[in-house]
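Novice: whatever this is, show me its structure:
(one chain, ligands or ions: 2)
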Amino acid sequence: MLRKNTKIERGISVLVNRRPNKVEDNSDLEEISNLVSSVGCEIVESLIFNIPNKRPFLGKGQLEKIQNLANSIKADFVVFSESLNLRNILSIEKYVSCKVIDRTKLILDLFSQNARTAESKIQVERAQLSYTLPRLTRMWTHLSRQSGGIGVRGPGETQLESDKRQIWKRISFLDGKLKNIEKLSSERRKSRKDLVKIALVGYTNAGKSTFMNLATSANVLSEDRLFSTLDSTTKVFKILNQKILLSDTVGFIKNLPPGLVASFRSTLAELNEADLIWHVVDSSRCDIEEQVHVTNEILGDLGVLEKERWYLFNKIDLIEERRRNEFIKKENYYAISSMKKKGLKKLFSDLEKWVISRSAKIKIFIPFNRQDLISQIYSQGHVLKEQVKQDGVFYTIIIPKNLLNYFKENDLALEKK
Ligand SMILES: Nc1nc2c(ncn2[C@@H]2O[C@H](COP(=O)(O)OP(=O)(O)OP(=O)(O)O)[C@@H](O)[C@H]2O)c(=O)[nH]1
Ligand SMILES: [Mg+2]
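Specialist: Ligands and ions are numbered 1, 2, ... in the order given. Okay, the predicted model is just below:
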C-alpha cells in the first residue's frame, strides 16, 4: 500500500496512451497525480508511452526507460495509469525493483484510507479481495513450475487453491454482513418514503459535499482530495416549508474498479429512492464532457438514468464570465458556485416550482379545536391564505400529496384548487 511515512514517498507515473490521436490534455496524468497526492505521496516525474491498441503492453525498450528513470531519482514506486493484469506486472518487475502500483490498486488504497464507517470498511475490503484474487497466482508460480508436469498437482498449486478458497470464504462472510447492513438501511429508507428525496451525484472533487453543506448546514467533510466522501449522508432542508431529503454520495471516477462499484451498490441504493438527481459537475475542468460521460455511464449501470436529472455546473467562480452562459443553455442546467454562493437563487426558485408541481393546492376548513391539524399544516405545508371564521379558519395551502390522505382520513372538507 502507498502510505504517507514520516518521509513522503516519491514516485514516477507512467501513462500508457492507447489512443495516440486523442487531443493531448494531460488530464489523465493530472488525475493520477491527484490520486497519488490524495494518499499523501508525490509524483516527481512522468513518462508517456504511445502504444497502438493491438500491442498488449510496453516493450523492452520502454520498460528499460522506466527502469533508468526510477533508478536515477531513487523512486519509491512506479504508478501506471491503467489497470495491470498479472502478466503486465510480471514483465514490469523484471526491470523495476521498487513498488509497482496500478490505477486500480491506487484507488483501492485511497478508499481504504478514507473508509470511516463499518459499512464502507467492509465494502472496501470486499473490493480489495476481488482485486487480489486474479493476481494471487504470481506468488506461487515458481513452486508450481518446480513440481510441474501434466496432471501433477504441485504443492504450490494446492497452496494457491487453499488461499483462493480462504479469500472466497471471506468475501461471502463480508457479503453476509453487507446484506444485514443493507436490511437496516432499507428499513430506514422505508420510514421516510413519503418525503421528497434529492441525491447529489458526480465525479470526485466536483463539489458535492460543499454544496450539501451549503444547502443543509450538514458539516460533511469537503476537501481538495479525491474521494473524501465514501458514505452517503442524508440531511433535511426545507422548501415552501416542505422537508426535502438531500443525500451526498460517493464520487465517481473513470475506470472505477468493477469490484468497487459492486461493493458500493448498497451505499448507492440512495439513488434508487431519489425523486430527483442533481448531477454536480466541476465547470473549471478541461475534461468536463468526459467527467459527465463517465458519471452518466455509472448511473446507467446502476439503472437510474431514467430518473429526472438536473445538472449543477459548479465552481463557476473559477471560469471567465462569458463562459458561464455556455452552461445554462438547456432546461435544468444551472451555473453555480457552492463556495461563493452564486447562482443559487435560480436553482432554488426552480426547485420551488418543481415542489409545487408535485404538491396539492387545497382550501381546507379547520375548526379551532383541531390544533393537531393546524400544527401539521404549519410544519409541512405552505400557507398562502387564511380566512378566520367564527368557529375555525379556512386555509389555502400547498401541501405534499401524501398529506391529502391524512386530511381525508380526518374527515375534513377539502376543496381542491
Ligand atoms: N473555487 C471553488 N471551489 C469549490 C467549489 N465547490 C467546491 N470547491 C472545492 O472543491 C474541492 C472538492 O470539494 P468537495 O465538496 O469535497 O467535492 P466532492 O464532490 O464532495 O468530492 P468527493 O467526496 O471526493 O467525491 C474542495 O477543495 C472545495 O473547497 C466552488 O464553487 N468553487
Ligand atoms: Mg464529498
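Novice: quick one: name whatever helix or strand follows the strand or helix carrying Lys243.
Specialist: Assessed by DSSP states H and E, Lys243 sits inside strand 242-248. Downstream of strand 242-248, the first helix or strand assigned by DSSP H and E is helix 258-263.
Novice: show me the shaky parts of the chain.
Specialist: Applying pLDDT under 70 to the chain flags the ranges 1-6, 20-25, 137-158, 218, 266, 409-417.
Novice: show me it divided up by domain.
Specialist: 10-109, 116-139+157-189, 193-356, 359-416 (automatic domain parsing).
Novice: could you dump those into TSV and include mean neighbour count?
Specialist: The way it works is simple: take the backbone N, C-alpha and C, and place the C-beta from them, glycine included. Listed next are the domains of the chain as TSV, based on neighbours: other Cβ atoms under 10 Å:
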stretch	mean neighbour count
domain 10-109	17
domain 116-139+157-189	15
domain 193-356	18
domain 359-416	15
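Novice: who wins for proximity to ligand 2 among those?
Specialist: domain 193-356 (3.0 Å; Cβ to the ion).
Novice: which residues of this structure lie near ligand 1?
Specialist: The chain has residues 202, 204-210, 222-224, 226-229, 251, 314-315, 317-318, 337-339 near ligand 1, with proximity defined as Cβ under 6 Å from any ligand atom.
Novice: which residue ranges of the stretch 101-250 of the chain form helices?
Specialist: Listed in chain order, the helices of the stretch 101-250 of the chain (DSSP state H, counting those that start in this stretch) span residues 103-114, 118-132, 141-147, 155-191, 208-216.
Novice: now intersect the residues of the chain next to ligand 1 with the strands, please.
Specialist: Gly202, Asn314 (DSSP state E).
Novice: now the one residue in the stretch 151-300 of the chain that gets nearest to ligand 1, nearest residue through space, not along the chain?
Specialist: Of all residues in the stretch 151-300 of the chain, Gly251 sits closest to ligand 1, at 2.3 Å by Cβ to the nearest ligand atom. Closest residue to Gly251 in three dimensions, ignoring its sequence neighbours and counting by Cβ to Cβ, 6 or more residues apart in numbering: Thr204, at 3.1 Å.
Novice: residue contacts, that neighbour?
Specialist: Shown in contact with Thr204 (Cβ atoms under 8 Å, 6 or more residues apart in numbering): Leu226, Phe227, Gly251, Phe252, Ile253.
Novice: dump those residues into JSON lines; add distance to Val261 as well.
Specialist: Formatted as JSON lines, these follow (distance: Cβ to Cβ, whole Å):
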{"residue": "Leu226", "distance to Val261": "16"}
{"residue": "Phe227", "distance to Val261": "13"}
{"residue": "Gly251", "distance to Val261": "12"}
{"residue": "Phe252", "distance to Val261": "9"}
{"residue": "Ile253", "distance to Val261": "11"}
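Novice: out of the residues you listed, which is nearest to Ser375?
Specialist: Gly251 (39.9 Å; Cβ to Cβ).
Novice: quick one, which of the helices of the stretch 101-250 of the chain is nearest to Pro367?
Specialist: Using Cβ to Cβ, those put helix 155-191 closest to Pro367, at 30.7 Å.
Novice: by how many degrees do the closest one and strand 242-248 diverge?
Specialist: 170 degrees (axes from the mean of the first three to the mean of the last three Cα atoms, to 10 degrees).
Novice: distance from helix 155-191 to the middle of the chain?
Specialist: Offset of helix 155-191 from its chain centre (Cα atoms, centre = their mean, to the nearest Å): 22 Å.
Novice: now the angle between helix 118-132 and that helix, please.
Specialist: Counting by the same axes, to 10 degrees, helix 155-191 lies at 150 degrees to helix 118-132.
Novice: give the other helices and strands that helix 155-191 contacts.
Specialist: Counting contacts by 3 or more Cβ pairs under 8 Å, 6 or more residues apart in numbering; DSSP states H and E, helix 155-191 packs against helix 118-132, helix 141-147, helix 269-273.
Novice: kindly reformat those as TSV containing distance to Lys385.
Specialist: Listed next are those as TSV, based on distance: least, Cβ to Cβ, whole Å:
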stretch	distance to Lys385
helix 118-132	47
helix 141-147	79
helix 269-273	34
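Novice: got the ones you listed as CSV, with distance to ligand 2 columns?
Specialist: Formatted as CSV, the entries for these read as follows, by distance: least, Cβ to the ion, whole Å:
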stretch, distance to ligand 2
helix 118-132, 13
helix 141-147, 41
helix 269-273, 14
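Novice: near ligand 2, which residues of the stretch 151-300 of the chain show up?
Specialist: By Cβ under 5 Å from the ion, the residues of the stretch 151-300 of the chain that approach ligand 2 are Ser209, Ser228, Thr229.
Novice: farthest pair in the contacts of Thr204?
Specialist: Once Cβ to Cβ is applied, the contacts of Thr204 give Leu226 and Phe252 as the farthest pair, at 10.6 Å.
Novice: so what touches stretch 335-345?
Specialist: 207, 210-211, 213-214, 283, 312-317, 324-325, 327-328, 334, 347.
Novice: what is the end-to-end distance of that stretch?
Specialist: 11 Å (Cα to Cα, to the nearest Å).
Novice: for it, what is the distance to the chain centroid?
Specialist: 21 Å.
Novice: now swap in stretch 41-56 and tell me
Specialist: 26 Å.
Novice: what of stretch 309-329?
Specialist: 21 Å.
Novice: pull the residues that contact it.
Specialist: 206-207, 210-211, 276-284, 292, 299, 330, 332-340, 342-343, 347.
Novice: just the C-alphas of that stretch, formatted as PDB.
Specialist: C-alpha atoms of stretch 309-329 as PDB (Å, rounded to 0.1, in the frame of the first residue of the first chain):
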ATOM      1  CA  ARG A 309     -31.800  14.800 -13.600                       C
ATOM      2  CA  TRP A 310     -30.600  18.400 -13.200                       C
ATOM      3  CA  TYR A 311     -27.000  19.500 -14.000                       C
ATOM      4  CA  LEU A 312     -25.300  21.800 -11.500                       C
ATOM      5  CA  PHE A 313     -22.200  23.200 -13.100                       C
ATOM      6  CA  ASN A 314     -20.300  24.200 -10.000                       C
ATOM      7  CA  LYS A 315     -17.100  26.300  -9.400                       C
ATOM      8  CA  ILE A 316     -18.200  29.000 -11.900                       C
ATOM      9  CA  ASP A 317     -16.100  31.400  -9.800                       C
ATOM     10  CA  LEU A 318     -13.100  29.800 -11.400                       C
ATOM     11  CA  ILE A 319     -14.100  30.400 -15.000                       C
ATOM     12  CA  GLU A 320     -14.500  33.600 -17.100                       C
ATOM     13  CA  GLU A 321     -17.800  35.400 -17.000                       C
ATOM     14  CA  ARG A 322     -18.500  34.800 -20.800                       C
ATOM     15  CA  ARG A 323     -18.100  31.000 -20.500                       C
ATOM     16  CA  ARG A 324     -20.700  30.800 -17.700                       C
ATOM     17  CA  ASN A 325     -23.500  31.300 -20.200                       C
ATOM     18  CA  GLU A 326     -22.500  28.100 -22.000                       C
ATOM     19  CA  PHE A 327     -23.600  26.100 -19.100                       C
ATOM     20  CA  ILE A 328     -27.200  27.400 -18.800                       C
ATOM     21  CA  LYS A 329     -28.300  26.800 -22.400                       C
END
